[in-house]
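1. Here is the input, now give the coordinates:
(chains A and B)
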Amino acid sequence: MQMNSAVEKTPAEAAYLVAFDGDGLPSGPAWLDNQRSAARAAFVASGLPHRRIEEWKYTDLRNQLAAGYPPLGEAPLADVARFQEMIAASPFAGLDTARAVFADGVFRPELSNLALGDDVDILSLAECLDEAPDWVTSNLGQVMSRPDNAIAALNMAFARHGAAVRVRGRQEKPLELIFLHTASGHHTVTNRNLIVVEEGAHAHILESHLGASGQEYLANIVTEISVGKSAVLDHVKVQMEADGAVHLSDVNIWLGENANANSFVASTGASVSRNQVFAEFGGEHTNLNLSGACMLAGSQHCDTTLEVDHAVPHCTSRELFKLVLDDTSRGIFQGKVSVRPNAQKTDGKQMAQALLLAETAEFDAKPELEIFADDVVCGHGATAGDLDEEHLYYLRARGIPKREAMALLIAAFIGEAFDEVTSDDVREALAGFAGAWLDQHTERG
Amino acid sequence: MLDIKNLHVKIADEDTEILKGVNLTVNPGEVHAIMGPNGSGKSTLSYVLSGKEDYEVTEGSVTYDGADLLDMEIEERASAGLFLAFQYPIEIPGVPTMTFLRTALNAQRKARGEEELTTPAFMKLVKEKAQQLKVRPEMLKRPVNVGFSGGEKKRAEILQMAVLEPKLCVLDETDSGLDIDALRVVAEGVNALRSPDRAMIVITHYQRLLEYIVPDVVHVLSNGRVVKTGGKELALELEANGYAEFETEAA
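-> Numbering: from 1, shown residues only, chains lettered A, B, ... in the order given. Now for the predicted structure:
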């Protein structure tokens, strides 16, 4: 998009351009520097996305990022006890997991526990790059790479830290990647993860994004996932950023033959958030299940944008997203499914449903099916409505107070999305997470 | 226990009056049957007692256990011991039956200042009552009423009633849609709840249910008024002669 070049730079764009010329940029090794300079050039040309770009119609970052968010340097290490307190607030805190903790963007081994058996390699991206193994060099920055995507471009330009994970067998317990934000002032924190699931392996990855209240950072996070032949991926992300934060995220998934991938995202945090998922079927007889739930109040804005590329025949994709929207919050769902001419027998279904708890809340749904094959089953749907008065009456007629009855019905609505998560423990943790939001929310009135 | 005086009710936002001065007194231990033709206001009466918000009381009063029932929220009425078994119990997808029952029971107990029931004690209670009402354990694993047949829904209503142990049970056409075996099971469940402290209002179109749940008093509701009150033999009379006599009277 060249449209921006003639336009005056916004404060956020200007801050990034200043950072490009500064001396705080990550550098080395050479193979990655090439990607970084290409990413910088792409951002210089495009600037931040805005509403005149179709994919960004509802999330105009030029407008919504009112301030500059310069990249955060090495932040002074906050009190470890404070980080531990935040980790304990993760919805997955009660689960038996390995964990890699990133505090204000930086990997913190002293807060992490990487013991996960011989079949899983967990590396700190920042430390592995000088002598990076092949599975890192051949994948990093290359899984569903989108040079024109501003989130990915800024991420490539600035990211130093992240987790590089290779799963070669069946993971005995989940690996939780925890991202904590405590630093104050407007700033950008960038992390990049790489997950490589080898042939026949089973990966179970959890991500939690937790912010200290009152902070106004921008978190930019890209997770690249390559799912090999006959491999299985379970990926669950929870976004609980600070109320004033911005969360911009890409999840890129490449799927090999016969693979099964299940990726779920729950969002309750941030003033502005965008979850992009780009997925491509690289081999036949492969299943992809994308689902999510978002619960918003106040003037929160949460955008879920999916692009699923059925590049080969005989693959199945399922998308189910549920949104609970109160006050003047706004939920957006854009789901693009492309079926290429040779991708016969594609089976794709998409559904987005919003529960509007206030007349001032807004839901925008934009399904996009681009089907170039003739023997496929594809469908999509979107609904928006408020709580069913008859349901509410029935519950109250049995003595359940109105607020509790509403919470039960909202939990039931959102729970259908949680049902897509395969692990019982994780599903239970998510139900607890939703319950906590409802308690807090209904108390507030 | 329940004292309805000159109750006038219309549908909110509409002018049509449905109840036109109902008077009814129910004492503890009594079972009252309310019979009447379609459209006479039977279901409206039950909804108004439960507190459904689609209706507007324009005149009259309802006193329940000395309190002004019409001044109470829907859930307060339930916690005070009023239970309406619905003619058409609705399905609530995503809300598990057991969660629903436990939440309801504990909310009522809490409202009455009683201890909440522990999960094991609750499970035991429901299991016992379910067995008596021939409610299969699989039904309890499903969301509220979802996938239940008409008869199963009615049994589930009576199960809720048995678990919640209300003081005043209002049964709205509980017999409709039931075959004879299901009717017997439901009636047994209801009869098991009969006690000197508990009153019941059984609303029905047909006399059949009253063979199983024998009432102390029978009222005929027609065109929004109680037009005749008698003993259980009144039901048989209605069965023989139909409602024609009362419909003319009302018109």
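2. where does the closest residue to chain B within the stretch 1-150 of chain A land in three-state SS?
-> Per Cβ to the nearest Cβ, the residue of the stretch 1-150 of chain A with the smallest distance to chain B is A:G94, at 18.6 Å. From N, CA and C alone the C-beta is placed, and that goes for glycine too. Classification of A:G94 using DSSP: H, G, I helix; E, B strand; the rest coil returns coil.
3. do the same with the one 5 residues further on
-> Classification of A:R99 using three-state DSSP returns strand.
4. what number of residues lie near the closest residue to chain A within the stretch 51-200 of chain B?
-> Going by Cβ to the nearest Cβ, chain A is nearest to B:G94 of the stretch 51-200 of chain B, at 2.7 Å. Residues near B:G94, counting by other Cβ atoms under 10 Å in any protein chain shown, number 19.
5. Setting aside sequence-adjacent positions, which residue approaches it most closely?
-> Distances taken as Cβ to Cβ, 6 or more residues apart in numbering or on different chains put A:A412 closest to B:G94, at 2.7 Å, once the chain neighbours are dropped.
6. so the one you found sits in a strand?
-> No - if the criterion is three-state DSSP, then A:A412 is helix and not within a strand.
7. Please report the distance of B:K167 from B:F100.
-> 21 Å (Cβ to Cβ, to the nearest Å).
8. Ok, A:G283 next?
-> 45 Å.
9. With B:K153 instead?
-> In terms of Cβ to Cβ, B:K153 sits 14 Å off from B:F100.
10. Compare those two (neighbour count), which wins?
-> The residue with more neighbours, out of B:K153 and B:F100, is B:F100; 22 against 18, by other Cβ under 10 Å.
11. Quick check: beta-bridge partners of A:D250?
-> Listed by DSSP bridges, the beta-bridge partners for A:D250 are A:V222, A:Q276.
12. And it, how far from A:V272?
-> Taken as Cβ to Cβ, the span from A:D250 to A:V272 is 15 Å.
13. same question, A:M351
-> In terms of Cβ to Cβ, A:M351 sits 24 Å off from A:V272.
14. B:Q160 too?
-> In terms of Cβ to Cβ, B:Q160 sits 45 Å off from A:V272.
15. my guess is A:D425 contacts A:P91, does it?
-> No - with contact defined as Cβ atoms under 8 Å, A:D425 does not reach A:P91; the gap is 11.1 Å.
16. and stretch A:86-96, how far apart are its ends?
-> When the termini of stretch A:86-96 are compared using Cα to Cα, to the nearest Å, they are 17 Å apart.
17. do stretch B:28-40 as well
-> Start to finish, the residues bounding stretch B:28-40 are 26 Å apart (Cα to Cα).
18. Just checking the distance from that stretch to the centre of its chain.
-> 10 Å (Cα atoms, centre = their mean, to the nearest Å).
19. What are the buried residues along that stretch?
-> For stretch B:28-40, a neighbour-count test (16 or more other Cβ atoms under 10 Å in any protein chain shown) marks B:E30, B:V31, B:H32, B:A33, B:I34, B:M35, B:G36, B:P37, B:S40 as buried.
20. May I have the phi/psi pair for the second one?
-> Going back to what we said before, that points to B:V31. Main-chain dihedrals, B:V31, degrees, to the nearest 10: phi -120, psi 120.
21. ok, back up a step: tell me which residues touch the residue of the stretch 51-200 of chain B closest to chain A, please.
-> Applying Cβ atoms under 8 Å, 6 or more residues apart in numbering or on different chains to B:G94 gives the contacts A:L409, A:A411, A:A412, A:F413, A:G415, A:E416, B:P143.
22. how about it, secondary structure?
-> B:G94 ends up coil, using three-state DSSP.
23. Check which helices and strands the helix or strand containing A:G415 sits against.
-> Assigned by DSSP states H and E, A:G415 belongs to helix A:402-418. Contacts defined by 3 or more Cβ pairs under 8 Å, 6 or more residues apart in numbering or on different chains; DSSP states H and E place helix A:402-418 against strand A:287-296, strand A:316-325, strand A:347-356, helix A:389-396, helix A:424-444, helix B:97-111.
24. Dump those to TSV, plus mean pLDDT and distance to B:L236.
-> Listed next are the helices and strands packed on helix A:402-418 as TSV, based on pLDDT from 0 to 100; distance: least, Cβ to Cβ, whole Å:
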stretch	mean pLDDT	distance to B:L236
strand A:287-296	98	58
strand A:316-325	97	55
strand A:347-356	97	51
helix A:389-396	96	35
helix A:424-444	89	52
helix B:97-111	96	37
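25. Go through the ones you listed and name the closest to B:G224.
-> helix A:389-396 (22.6 Å; Cβ to Cβ).
26. by how many degrees do that closest one and helix B:97-111 diverge?
-> Between helix A:389-396 and helix B:97-111, the angle comes out at 60 degrees (axes from the mean of the first three to the mean of the last three Cα atoms, to 10 degrees).
27. quick revisit: ranking the contacts of B:G94 by neighbours, who comes first?
-> Within those, most neighbours by other Cβ under 10 Å means A:F413, with 23 neighbours.
28. where's the nearest residue to that one once chain neighbours are set aside relative to chain B, distance?
-> Closest residue to A:F413 apart from its sequence neighbours, by Cβ to Cβ, 6+ apart: A:L355 at 5.2 Å. Note on A:L355: its distance to chain B, by Cβ to the nearest Cβ, to the nearest Å, is 11 Å.
29. Neighbours of A:L355, how many?
-> When counting by other Cβ under 10 Å, one arrives at 23 neighbours for A:L355.
30. One more: B:P196?
-> Neighbours of B:P196 under the rule other Cβ under 10 Å: 8.
31. Could you look up the SS state of it?
-> When the rule is three-state DSSP, B:P196 gets the label coil.
32. That one is in contact with B:P28, isn't it?
-> Yes - using Cβ under 8 Å, B:P196 is in contact with B:P28, at 6.5 Å.
33. What are the buried residues along the host helix or strand of A:M86?
-> Here A:M86, judged by DSSP H and E, is contained in helix A:80-88. By neighbour count on 16+ other Cβ under 10 Å, the buried set for helix A:80-88 is A:F83, A:M86, A:I87.
34. Residues contacting that helix, please?
-> Residues from elsewhere that reach helix A:80-88 (Cβ under 8 Å, 6+ apart): A:A93, A:R99, A:V101, A:A103, A:R108, A:E110, A:L111, A:I178, A:L180, A:T182, A:L210, A:A212.
35. who touches the third one in this structure?
-> Looking back up the chat, that one is A:V101. Neighbours of A:V101 in contact, by Cβ under 8 Å, 6+ apart: A:F83, A:I87, A:F107, A:R108, A:L111, A:S112, A:I178, A:L180.
36. try 6 Å
-> A:V101 sits next to A:R108, A:L111, A:S112, A:I178 when contact means Cβ atoms under 6 Å, 6 or more residues apart in numbering or on different chains.
37. bridging residues for it?
-> A:I178.
38. quick one: pLDDT of it?
-> Per-residue pLDDT puts A:V101 at 97.
39. Rounded mean pLDDT for the helix or strand where A:C302 lies, please.
-> Using DSSP H and E, the element containing A:C302 is strand A:301-310. Average pLDDT, strand A:301-310: 97.
40. Parallel or antiparallel, which strands does it pair with?
-> Strand A:301-310 is paired, per DSSP bridges, with strand A:272-281 (parallel), strand A:330-339 (parallel).
41. residues near the residue of the stretch 1-150 of chain A closest to chain B, how many?
-> 12.
42. B:P215: what's it in contact with?
-> If a contact means Cβ under 6 Å, 6+ apart, then B:P215 has B:V31, B:A33, B:K232 as its contacts.
43. a markdown table for these, including pLDDT and distance to B:V135?
-> Shown next, in a markdown table, are the contacts of B:P215 (pLDDT from 0 to 100; distance: Cβ to Cβ, whole Å):
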| residue | pLDDT | distance to B:V135 |
| --- | --- | --- |
| B:V31 | 95 | 23 |
| B:A33 | 94 | 25 |
| B:K232 | 89 | 29 |
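44. Got the confidence number for B:M123?
-> In this model, B:M123 carries a pLDDT of 95.
45. Over to B:L117?
-> 94.
46. How is it assigned, secondary-structure-wise?
-> coil.
47. which residues of the stretch 101-250 of chain B fall in strands?
-> B:168-172, B:199-204, B:217-222, B:225-230 (DSSP state E, counting those that start in this stretch).
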